[in-house]
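K.L.:
Generate a structure from the sequence data that follows.
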Amino acid sequence: MLEFQQRFSTEDACRAYLRESRWPEGFCCRRCGGRERYELRTRELVTCRACGAQTSVTAGTVLHRSHLPLREWFYAAYLVVTQTPGVSATQLQRQLGLTRYETAWTMLQKLRRAMKRPDRDRLRGIVEVDETYLGGPEKGLRGGRFRNSSKVEVVAAIEVRGEGSGRARLAIVPDSSYLSLGRFVRANVELGSVLRTDAWQGYAPLRRQYDHRPVSQRGDGSKVLPRVHRLFSNLKTRIEGTHHGIGRGHVRAYLDEFVFRFNRRRTPMAAFRSLLGLAMVHGPTTYDRLYARESTG
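P.N.:
Okay, the predicted model is just below:
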């Protein structure tokens, strides 16, 4: 914390970091490709010397047109990636001394949308895959994959690394059919990898593209697929303990946050740098996008 506060103690320090993240190989004009620039300090703009095109270090990012100080954004990102149980909007509001809860909530939502890298690598090696449901208990409904439920169905994949776990992926699926499960697996697991699942028929066709090794699941599923079930347990504990439940329309953003934090759990400061670096490749998040109901497809 002390190192963080010293490094990003001023707006200029934060702006310099964003500039380095946006142009890691030096400034390059988006209009003419010019390499030389100068800054208009009073307007916080970078101007190309060749053509005069102007831009700010936050233009086109999740911080686009934010009226909050960069130091508050940096502190919010730091808390998101370093707090072990995560941080809720209420906690962030208190930590930053914000007057409105909505401001803290919006900041968190924008940061979450910067956590999914568009070109991330697929999982490889031995990978466990399974599904679960998110939501509270429902009266009159039995368990199983065929159910008339309002809960959100989530599928997960996680790498087996010896006795431990490697990287993970999570996604919402509309159902447990091969069409849904196969699409997720192919998008997130390298072809030819060893695939461990239960004996559900929705996974059976994957044997044509993977070394599929289904395991008969009798009783406790955590015994045959321990890593993916531990992942689900941690996810549900995080949702209920930190956020006390989440809105159905925003589940995908929370899943992206969980995966981002899980895959960088051993390197929190690298996660902070990655989050602000990733913010440079995401477009601005509008009010409509924040409050829109997301598809479960």
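K.L.:
from here on, contacts and neighbour counts on C-alpha atoms
P.N.:
Fine.
K.L.:
what about Pro69, distance to Gln109?
P.N.:
Going from Pro69 to Gln109 by Cα to Cα, to the nearest Å gives 17 Å.
K.L.:
These two: which has the busier surroundings?
P.N.:
Remark: of Pro69 and Gln109, Gln109 carries more neighbours, 19 against 11, as counted by other Cα atoms under 10 Å.
K.L.:
Go ahead and confirm the more buried one touches Arg252.
P.N.:
No. Applying Cα atoms under 8 Å as the test, Gln109 and Arg252 come out as separate, 10.7 Å apart.
K.L.:
could you list every residue that touches the closest residue to Glu36 other than its chain neighbours?
P.N.:
Spatially, and ignoring its direct neighbours in sequence, Glu36 is nearest to Arg49 (5.7 Å; Cα to Cα, 6 or more residues apart in numbering). Arg49 makes contact with 34, 36-38, according to Cα atoms under 8 Å, 6 or more residues apart in numbering.
K.L.:
Now do the helices in the stretch 51-200 of the chain.
P.N.:
70-82, 89-96, 101-112, 178-188 (DSSP state H, counting those that start in this stretch).
K.L.:
buried set for the second one?
P.N.:
By neighbour count with 16 or more other Cα atoms under 10 Å, helix 89-96 contains the buried residues 89-93.
K.L.:
how about the residues you listed in TSV, adding distance to Pro24 and pLDDT?
P.N.:
What follows is the buried residues of helix 89-96, written out as TSV (distance: Cα to Cα, whole Å; pLDDT from 0 to 100):
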residue	distance to Pro24	pLDDT
Ala89	32	90
Thr90	35	92
Gln91	33	92
Leu92	30	94
Gln93	32	96
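K.L.:
Nearest to Glu159, out of the residues you listed: which one, please.
P.N.:
Ala89 (31.0 Å; Cα to Cα).
K.L.:
gap between that closest one and Gln95?
P.N.:
For Ala89, the distance to Gln95 - Cα to Cα - is 10 Å.
K.L.:
Could you do Arg261 as well?
P.N.:
20 Å.
K.L.:
For stretch 82-93, give me every contacting residue.
P.N.:
For stretch 82-93, using Cα under 8 Å, 6+ apart, the contacting residues are 76, 79-80, 99-101, 103-105, 108, 238, 242-243, 268-269, 272.
K.L.:
which regions of the chain sit below the pLDDT cut-off?
P.N.:
41-43, 60, 136-149, 217-222, 241-247, 277-297 (pLDDT under 70).
K.L.:
So which residues of it form strands?
P.N.:
In the chain, the segments counted as strands under DSSP state E are 37-40, 45-48, 54-55, 126-134, 152-161, 164-172, 194-198, 211-215.
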